[in-house]
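Undergrad: got a sequence here, can you build the structure:
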Amino acid sequence: MSSPLLIMIISTIPHINKNSSSPCSDRNHIFLAPGVLTSGGVSRTCVSRFYPEGSARMTLTLVAEDGQSTTATRDLMPGDGGCLDISIPQKPNSIAELNVNIRYPEAKCTWERRISLRIASGRVAVVHTERTRYRPGDLLKIRAIILKADLTPVHSNIDEIWLEGPRGAWDGVKIAQWMRVRTRLGLAQVQHALDEQAPPGKWTVRARLADGAEGSTAFWVGNYELPPFQLTVRHAPRILRTSERLVWTVCVRYPWSEAVEGMLVIRLRGAGGSREYSGGIRTAVRLKAPRACHRHAAAAKRIGLDGESSPDVVIADFSFQEDGTRVWQNTTVVSHVVDEPVTLEFLTKRRAVISPGLPYKIKVKATRWDDKPAAGERVRMCRSAASVAGDELRAQHSACVESVTDEKGVARVMFTTDDDGTPYYNFQASLHNVTAQLQAWCVRGRGRAALGPLRADARARTLLPLYLALPDVAAPLTVHFAVITRGGIIYRWGATTQCPMTSTTDQILTSSRNSVCPNTNLVKLDRIFEKNLDARNSSELDSLMDRHLSKVMLPIKVSHQMCPDSHLVAYFYYKNELISASKHFELEECFANKVEATWVTRQTPPGSLATLQLSAPGPGLCALSVLDTVSKWAQPGDTVKDLLLSGLGKLMEGHRNLTEHDAAGECFLTSDTPDIPSSSIELMSSWLASAGIRLLGDNIVRRCSSSSPARLIADDVLVPRSDFSESWLWRLAGVGGNGSVAVAARAPDSVTRFEATAVCLAKTGIAVSQPAVLQVFREFFIHASGPQRLRRGDTTIVSYRIFNYLYNPLSIEVQVTTDPLLEAPYTREKACIPPRASIARRVSLKALQIGSARLRILARTAEGACDTPTGPEGVSDEVSLRVEVAAEGAPALDRRSALLCGHDSPNFTSVNEVSWSWPAVQAVAGTESLTVWATGDMFGPLFADSDGLVQLPRGCGEQNMARLATNLLALRVTPAGERTLSAKDHVARGLSRQLQYAHPAGGFSAFGPRDPAPSAWLTAFCLRYLRRAYEVPRH
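TA: So this is what the prediction gives:
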């Protein structure tokens, strides 16, 4: 009996990545991750799923450069996606690979992608001192504050705090150093006693953390005295050229706010412009208590503001002398003279993007010359289409409207654009003779969306309307949104499903995915908004949009974490097309906690007990500092709040710039004006990159507007860099009838930045170009500088530095060689350069022989110097420095001359040969030379340098007389001309000045009556030349 045969066929289904019907396609995922991960911290990533059915498992794996990996996993329930936090290793200034794996068990497929991200510090280090000025011997008190990006304290030690002296011999020297400083709630304090012989100047305190974050502050050391009173002046930084009256307010107060009695001396004068101005206006005013301030007004014409040749600046000098003590205090303020009474500025922080079919709100701010808002001004705003970036406004094809500025000087209008494929729109605001320009992109695609202003509802929630221009919406829309703050932190991510509604109320009406939405006909908005473009306030324009546009309300939770600025990006799919919109927020309040400090008694006697009452959330730690206000008069310094916000701003901008660089790839250096994004996903990627977020999903294609730059490290044979010219491309280039010409030249070998300018002339006139900047750079190079000329036998030190701007450490070998004309110790060493760092070396050089010599420094990769894996092989650079070796000793000149007279001269010289002889000297061999020079004009040599003789006499009696005599000599040898007139004027002024040094005992002396006796030789000098000066005609 035969046994049954069982046959099984098992088919293997591979991972599906590109099929849009599968949940594992790029179209169904948008993954968001910070472009810069926080070293030693936690970073949040989020994924949007557009295939909500079925659960999924998301796994993130972060692999550092040394192979260390970190993994984070979470389950995604059926829905729109979610967020996952991942721990970041302490690997600052490095690059890591993030692998994203989302597995769908029901569909039996996996969506997997990878992206390279940076790891850098995410902390803010603020260092400040108790005062901004110290005397030698004072006790320096230093405080460091370490915070996370969300402004919460960091509970870790500070690796190092050190003190650096002023520039010069102390530059870079660590005067004091503290290692592994412990912190309490992010606070640390150290102190150092300055030496009694501490050099004066600008000192620096620096702090460094383990994750690479650094902070620093500067203070001044020197002997000083606190002023007994304060002289302050309130003035207008800018004044109008047509002003009729100028006003200054001067106040003189003691530190306890009482008035100071004394004499106030005021001098007002103009400077700059096309003509010289007189001494200006001088006024003296006596101030008496209780009057502490004086309002000084002057007519503008008296200072020179009376026409086209008015000054460019108005300078006001104020001097005050206190009665009794006779202590003087001076101050000077400068006001710039401007021609335009109002300036215009478009209030657009980021690059403007227009969605056709939706109104675009434009705000223009008008500011007066005195920095006050220009309220009630009628601003004219025009719009015209443009085909390429940089086109100017075409007035004959523009649509214009006028709007009146409000009390803040802001004028608001709305424009609508047609969906006619126009890539750009130019906007121009004009008021009087002042204009401002703005160019905006135009989004392409079938659907449009734009975000409106923030609103608060009755439940104290913050809502944001998303206005839509969609031809036909029958089903609800699932809108995903992300709020990004602090340079790449995903503060909030979410999704909402709603039917677009046209309503003047702000409500969130969620709908199920399978429901049917009421028909919302697309309204033609052109005529509606043309009749309402002159709306005076923002609420009128917003209500107009609510009545005529479909919208979806997004729930946004506004908090201090969104300060100082944040980005919101909303995105959804409509008929298989991704549509996105972005909005930029600015908030002023960045601190979640509030603290209040008050003195128990507002006034207390000297030496008595004073109590400071603090009110702050607890438990906590407060750092206190009480400073005399007088010490801030001369050197105010920044407040701790300003230092904190400045440090936070630097951290944010650094992360955003790095993310934009990485997201752009090879396109980053090709053009300052990239092409219009061809798709909404490309536009969305640029928005996210500017906020500090990288994006994965839906086939992002980067397009460069011009060719990619040359590689910074070439693969060809190494050529030593020897041409370090400071200038080049000095040539003329003809421009043909087409108005274009291209000139090519080899750039010098210097790693630097060059600016090119062009001056072009034509029949119609002359034109001068703006500087065009060329950056000459490579990622690995040697920067060396040394003397270009030495004397034989001289010894010098040549310092050089090797830079590695790669993101990998490099193990290198350095070799230094010279020509036989120079002598240097044979150098061949290995070194390890960390990523994006440099090392410094020096070599001793001695000149042996006369001639042109070369010093060569070669650096190339070689194994064995680094403990960790290094970067690419074959990286090298070589520089060749030229050194001219001259002979030792000092040049000595010995002159001989002979006067030969011609046949027509009564002193005819019949000698045909002239011979000279020189005494024997110990000259350096090979340095002797002879130069013969002849002229047919006896006064030729004098005429060549006669301009140097015509100088205005000044100084004491001896100096004045010496210059007076040279002017008399110039009058004898110089032909009549402009210099002769100047010499005559100098002689007249020098003669009048010299008479001031006449001595009462007779004769002249260097300082006149102040000298005990006259000077015999100066008196003889004056007798010789003063009569000649008196006989010189004045005209």
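Undergrad: any buried residues in stretch 860-872, and which?
TA: 860-862, 865-866, 870-871 (16 or more other CB atoms under 10 Å). For every residue, glycine as well, the C-beta is placed using N, CA and C.
Undergrad: export these to a markdown table and tack on secondary structure and pLDDT?
TA: Below are the buried residues of stretch 860-872 laid out as a markdown table (DSSP: H, G, I helix; E, B strand; the rest coil; pLDDT from 0 to 100):
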| residue | secondary structure | pLDDT |
| --- | --- | --- |
| 860 | strand | 92 |
| 861 | strand | 91 |
| 862 | coil | 90 |
| 865 | coil | 88 |
| 866 | coil | 88 |
| 870 | coil | 80 |
| 871 | coil | 78 |
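Undergrad: list the buried residues in stretch 772-792.
TA: Buried residues in stretch 772-792, counted by 16+ other CB under 10 Å: 778-784, 786, 790, 792.
Undergrad: who's in contact with the helix ranked longest in the chain?
TA: Determined from DSSP state H, the single longest helix within the chain is helix 640-664. Here helix 640-664 makes contact (CB atoms under 8 Å, 6 or more residues apart in numbering) with 34-36, 116-118, 120-126, 128, 145, 147, 149, 151, 215, 217, 486-488, 564, 590, 638, 668, 674, 685-686, 688-695, 702.
Undergrad: filter those to the buried ones?
TA: 34-36, 117-118, 120-126, 128, 145, 147, 149, 151, 215, 217, 486-488, 564, 590, 668, 674, 685-686, 688-695.
Undergrad: residues near the residue lying closest to residue 964 once chain neighbours are set aside, how many?
TA: Distance criterion CB to CB, 6 or more residues apart in numbering; nearest residue to residue 964, sequence neighbours excluded, is residue 990 at 3.8 Å. When neighbours are defined as other CB atoms under 10 Å, residue 990 has 26 of them.
Undergrad: need the phi and psi values for residue 990.
TA: Main-chain dihedrals, residue 990, degrees, to the nearest 10: phi -70, psi -40.
Undergrad: spit out the contact partners of it.
TA: 952-953, 960-961, 963-964, 967, 1029.
Undergrad: check the buried residues of stretch 860-872 and tell me the two furthest apart.
TA: 860 and 866 (14.3 Å; CB to CB).
Undergrad: how is the chain carved up into domains?
TA: 26-121+654-696, 142-225, 242-338, 342-442, 448-586, 780-886, 941-1031 (automatic domain parsing).
Undergrad: just the pLDDT at residue 494, thanks.
TA: pLDDT, residue 494: 92.
Undergrad: wait, I meant residue 265
TA: Residue 265 is given a pLDDT of 95.
Undergrad: for this structure, which helix or strand comes out least confident on mean pLDDT?
TA: In the chain, the helix or strand scored least confidently by mean pLDDT, DSSP states H and E is helix 526-530, which has a mean of 51.
Undergrad: just the ones of the contacts of helix 640-664 in helices?
TA: Using DSSP H, the contacts of helix 640-664 in helices are 685-686, 688-691.
Undergrad: quick revisit: lowest-confidence entry in the buried residues of stretch 772-792?
TA: Out of the buried residues of stretch 772-792, that is residue 786, at 79.
Undergrad: which residue packs closest to it, ignoring adjacent ones?
TA: With CB to CB, 6+ apart, the residue lying closest to residue 786 is residue 798, at 3.8 Å.
Undergrad: what is that neighbour paired to in the beta sheet?
TA: Legend: beta-bridge partners of residue 798 under DSSP bridges are residue 843.
Undergrad: how far away is it from residue 776?
TA: 22 Å (CB to CB, to the nearest Å).
Undergrad: now residue 424
TA: 33 Å.
Undergrad: go on, residue 406?
TA: 50 Å.
Undergrad: repeat for residue 412
TA: Counting by CB to CB, the gap from residue 412 to residue 776 is 46 Å.
Undergrad: ok, now residue 197?
TA: 45 Å.
Undergrad: where does the stretch 501-650 of the chain have low pLDDT?
TA: Residue ranges of the stretch 501-650 of the chain with pLDDT under 70: 519-541.
Undergrad: recalculate using a threshold of 80.
TA: 504-506, 519-548, 592, 602-608, 618, 632-635 (pLDDT under 80).
Undergrad: residue boundaries of the strands in it?
TA: Per DSSP state E, counting those that start in this stretch, the stretch 501-650 of the chain carries strands over the ranges 550-556, 565-574, 577-586, 596-599, 612-615.
Undergrad: what's the third one packed up against?
TA: In terms of contacts (3 or more CB pairs under 8 Å, 6 or more residues apart in numbering; DSSP states H and E), strand 577-586 is packed against strand 448-451, strand 565-574, helix 680-691.
Undergrad: quick one, the longest one and strand 577-586 angle?
TA: What that stands for is helix 680-691. 20 degrees (axes from the mean of the first three to the mean of the last three CA atoms, to 10 degrees).
Undergrad: can you offset everything so residue one is 149?
TA: With the count now opening at 149, the last piece we talked about shows up as helix 828-839.
Undergrad: now do helix 828-839, average pLDDT.
TA: 85.
Undergrad: and for stretch 1156-1170?
TA: 91.
Undergrad: for that stretch, buried residues please.
TA: Neighbour-count burial for stretch 1156-1170 [16+ other CB under 10 Å]: 1156, 1159, 1162-1163, 1166-1167, 1169-1170.
Undergrad: check the separation of the first and last residues in that stretch.
TA: 13 Å (CA to CA, to the nearest Å).
Undergrad: ditto for stretch 951-966
TA: Start-to-end, stretch 951-966 (CA to CA) is 22 Å.
Undergrad: tell me how far it lies from the chain's centre.
TA: 30 Å (CA atoms, centre = their mean, to the nearest Å).
Undergrad: circling back to that earlier point, could I get the helices and strands packed on strand 725-734 as JSON lines with distance to residue 504?
TA: Shown next, in JSON lines, are the helices and strands packed on strand 725-734 (distance: least, CB to CB, whole Å):
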{"stretch": "strand 596-599", "distance to residue 504": "6"}
{"stretch": "strand 713-722", "distance to residue 504": "15"}
{"stretch": "helix 828-839", "distance to residue 504": "13"}
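Undergrad: so which of those comes closest to residue 434?
TA: Nearest to residue 434, of all the helices and strands packed on strand 725-734, is strand 713-722, at 51.5 Å by CB to CB.
Undergrad: ok, residues contacting that closest one?
TA: So strand 713-722 is contacted by 178, 196, 198, 497, 594-595, 597, 599, 612, 614, 618, 621, 625-633, 639, 702, 704, 726-735, 828, 832, 835-836, 838-839 (CB under 8 Å, 6+ apart).
Undergrad: show me which of the residues you listed are buried.
TA: 178, 196, 198, 595, 597, 599, 612, 614, 618, 621, 625-633, 639, 702, 704, 726-731, 733, 828, 832, 835-836, 838-839.
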